[in-house]
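**Student:** I would like to see how this sequence folds:
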Amino acid sequence: MGSTTLPYMETKPKLIFFTDFDGTITVDDSNDHMIDNLGFGKEKRLVLNDQVLDETLSFRDAFRQMLGSIKTPYDECIQILLKNMKLDPYFEEFYYWAKDNNVPIVILSSGMHPIISALLEKFLGHKPANHLTIIANEPVSRDGKDINSEGGWQIQYHDDSHFGHDKSLEIKPYAALPNGERPILLYAGDGVSDLSAAAETDLLFAKKGKGIYPALEATLLEDTANLVVDLVTYCQRRGMPYTTFENWSTILESTKDILSGKVTAGEVAAKASIGQ
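**Tutor:** The predicted structure is shown next:
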């Protein structure tokens, strides 16, 4: 569940930035990399993704199966990811701007906390400062083993939701604040687990060219009555305020303008909706 207090309001920010991690802050998805290279592989992963799309398998159960196929010790998984993952080239600039301008960054991830922490520390060259918070799943022992042993870890989900981590729960208390107290709430993401969270905020930055299941976008971007894969199309249909981004330079410039009062979140969304 979400925090029982409002820790991101301690510094009385005018704006809070919530964001996904994998494929949003990073260029590629760290979980996909592990499953494809250390687990049962991309082909099997895509089969399970199909079952999720067909609603014959929950995302929660599919993701547990995917990660369960990885037998590599957890500390080795982290080292492999440190060698292979890349940060969006403009996120570091956003990170320091946010620190200097009292903008809390809250990472809401369906991935695992230790991996995110390790990658950020490598990318930034130091442990993240207090203005950045990570809310994610955790690795725990499998069958009483040491997580840093062969087959020794499994995922422990953040909550009991369909996705294992209902990101909206962390945002709702802030969205419910009365006018005059409620800060501007922004969100950046690239997938289906971001939709409930984005619905609680004033503006979604949707990764350009990314669908709800990015690995399937090449074959599943058709627009049908029953299947909405593209994140932007989903926002349009639901009337959710959004704009697109290719990297964090776009997010930084828009967030600067919103914080300064040059534009509102609604105006950014309106501009996107008419293709400007």
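**Student:** would you list every one of the strands in this structure?
**Tutor:** Using DSSP state E, the strands found in the chain span residues 15-19, 105-112, 132-141, 153-156, 184-189, 203-207, 242-245.
**Student:** would you list those in CSV and tack on mean pLDDT?
**Tutor:** Listed next are the strands of the chain as CSV, based on pLDDT from 0 to 100:
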stretch, mean pLDDT
strand 15-19, 98
strand 105-112, 96
strand 132-141, 98
strand 153-156, 98
strand 184-189, 96
strand 203-207, 92
strand 242-245, 90
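**Student:** most tightly surrounded among those?
**Tutor:** Across these, averaging neighbours per residue (mean count of other Cβ atoms under 10 Å) puts strand 203-207 on top, at a mean of 26. From N, CA and C alone the C-beta is placed, and that goes for glycine too.
**Student:** Run me through the strand neighbours of it, direction for each.
**Tutor:** Strands flanking strand 203-207 in the sheet, each with its direction: strand 184-189 (parallel), strand 242-245 (parallel) (DSSP bridges).
**Student:** shaky segments in the chain?
**Tutor:** Low-confidence segments of the chain, defined by pLDDT under 70, span residues 1-4, 192, 209-231, 273-276.
**Student:** what's the closest non-adjacent residue to Thr72?
**Tutor:** Taking Cβ to Cβ, 6 or more residues apart in numbering, and ignoring the residues beside it in sequence, Thr72 has Leu38 as its nearest neighbour in space, at 4.7 Å.
**Student:** who's in contact with the one you found?
**Tutor:** Under the criterion of Cβ atoms under 8 Å, 6 or more residues apart in numbering, the contact list for Leu38 reads 70-72, 77, 80.
**Student:** And the residue nearest to Ile171 when sequence neighbours are not counted, how far from Cys77?
**Tutor:** With Cβ to Cβ, 6+ apart as the measure, Glu200 is the residue that lies nearest to Ile171, at 4.1 Å, once sequence neighbours are left out. From Glu200 across to Cys77, the span is 32 Å (Cβ to Cβ, to the nearest Å).
**Student:** Next: Asn148.
**Tutor:** 10 Å.
**Student:** from the contacts of Leu38, which two are the most distant?
**Tutor:** Pairwise distances among the contacts of Leu38 were taken by Cβ to Cβ; the largest, 13.0 Å, belongs to Lys71 and Ile80.
**Student:** between these two, which one's more packed in?
**Tutor:** For Lys71 against Ile80, the residue with the higher neighbour count under other Cβ atoms under 10 Å is Ile80, and the figures read 16 against 13.
**Student:** residues contacting that one?
**Tutor:** Counting by Cβ under 8 Å, 6+ apart, Ile80 makes contact with 33-34, 37-38, 72.
**Student:** quick one: which of those is nearest Ala188?
**Tutor:** Using Cβ to Cβ, His33 comes nearest to Ala188 of the contacts of Ile80, at 20.4 Å.
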